[in-house]
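> Sequence plus predicted model, see below.
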Amino acid sequence: MTDELRGLLRESAEAHLPDRARMLARVERGTARPGAARGPRDRARTGTLTWPKIVLATLATAGTLTVSALTVVAVVHTPDPPRQPAAAAPSAVDRTAPPTAGSRTEGGPLWADGSVDPHSNTYWAQSNVTLKTRKPLTALVVELRIALTAGVKDTGSWRTLPAEDFELSAREEGGFLVYRWTLKPGRNVPSGEHVFAGQYDHATGGRDAKDDAYRIDAAGAGEGGAAVWGGFA
């Protein structure tokens, strides 16, 4: 209810509040008139409604008007009910889910594995995330996290699926170099085996991948989401 409508209702209610003093005065004037001035028909009509009854009827009318007016005023002052916030639509893939400790390499139609590519050397490395899915996917997020050990710097990435089907980001987040591939709306991933790889420089010498991790969140058409995660050998 708007403020303008509340104002109009309030004015209307105040205009209809009865003036009880004026009504009682009018009743007294009517009862004070001499009986000789009225004809027989007037006296008979007045006799059917005595002075106390007139007063009671008048007060009853006033009370009715007062209750009606106060009801309008109460409506005017009644606050609007609070609006409930709209429920958020569920998402098939939780893109904000943090990496999970330990390993869960199988879940739903998914299987995954993380490994350091054998072609890596003392200056450069490639980490591979292999995904197998038994069913086509309509939503997919693959996240590869490389711990920022000495000299780690992004040098590129690739995947076996079409590049135009994914949004790619590579940035440093919370002590990791994070590669994230997100399937675009309307695209899909066929069942089968797929690889996602991140490439990076590192300090001279062997690099320990024990703190690196990956996570995959996916969903198929008409199905709930599934997730797998793990580390690197």
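It's in. Numbering: from 1, shown residues only.

> do you know how far Trp124 is from Gly114?
18 Å (Cβ to Cβ, to the nearest Å). Glycine gets a C-beta too; all of them are placed from N, C-alpha and C.

> who has more neighbours, those two?
Gly114 (22 against 15; other Cβ atoms under 10 Å).

> Verify the stated contact: the more buried one with Tyr214.
Yes: checked against Cβ atoms under 8 Å, the pair Gly114 and Tyr214 is within contact range at 4.8 Å.

> Quick check: can you list the domain ranges of the chain?
3-77, 106-230 (automatic domain parsing).

> ok, of those, where does mean pLDDT dip lowest?
The weakest mean pLDDT among the domains of the chain belongs to domain 3-77, with a mean of 47.

> separation between Arg171 and Val178?
For Arg171, the distance to Val178 - Cβ to Cβ - is 6 Å.

> ok, which stretches of this structure are helices?
3-15, 20-32, 40-47, 51-77 (DSSP state H).

> How about Glu172, nearest residue that isn't a chain neighbour?
Nearest in space to Glu172, with sequence neighbours left out and distances taken as Cβ to Cβ, 6 or more residues apart in numbering, is Leu148 at 6.6 Å.

> one step back: between Arg171 and Val178, which has more neighbouring residues?
Neighbours were counted for Arg171 and for Val178 using other Cβ under 10 Å; Val178 has more, 18 against 10.

> Just list whatever residues bridge to that one.
Arg145, Arg171 (DSSP bridges).

> list the contacts for it?
143-146, 169-172 (Cβ atoms under 8 Å, 6 or more residues apart in numbering).

> Report the buried members of the residues you listed.
143-146, 170 (16 or more other Cβ atoms under 10 Å).

> Generate CSV for those, with distance to Thr155 as supplementary columns.
CSV is the format used below for the buried ones among the contacts of Val178 (distance: Cβ to Cβ, whole Å):
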residue, distance to Thr155
Glu143, 18
Leu144, 14
Arg145, 16
Ile146, 11
Ala170, 10
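
> Relative to Lys184, which of those residues is nearest.
Glu143 (16.3 Å; Cβ to Cβ).

> Against Leu137, how distant is the closest one?
15 Å.

> re the thing from before, how about the contacts of Val178 in JSON lines, adding distance to Ala227?
Converted to JSON lines, those look like this (distance: Cβ to Cβ, whole Å):
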{"residue": "Glu143", "distance to Ala227": "11"}
{"residue": "Leu144", "distance to Ala227": "15"}
{"residue": "Arg145", "distance to Ala227": "15"}
{"residue": "Ile146", "distance to Ala227": "20"}
{"residue": "Ser169", "distance to Ala227": "19"}
{"residue": "Ala170", "distance to Ala227": "21"}
{"residue": "Arg171", "distance to Ala227": "22"}
{"residue": "Glu172", "distance to Ala227": "24"}
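
> hang on, the earlier thing: isn't the residue nearest to Glu172 right up against Arg171?
No: judged on Cβ under 8 Å, Leu148 makes no contact with Arg171 at a distance of 11.5 Å.

> which residues do the two both contact?
Leu177.

> So for Ser169, what's the nearest residue that isn't a sequence neighbour?
Arg180 (4.9 Å).

> Would you mind listing the residues in contact with the one you found?
Counting by Cβ under 8 Å, 6+ apart, Arg180 touches 141-144, 168-170.
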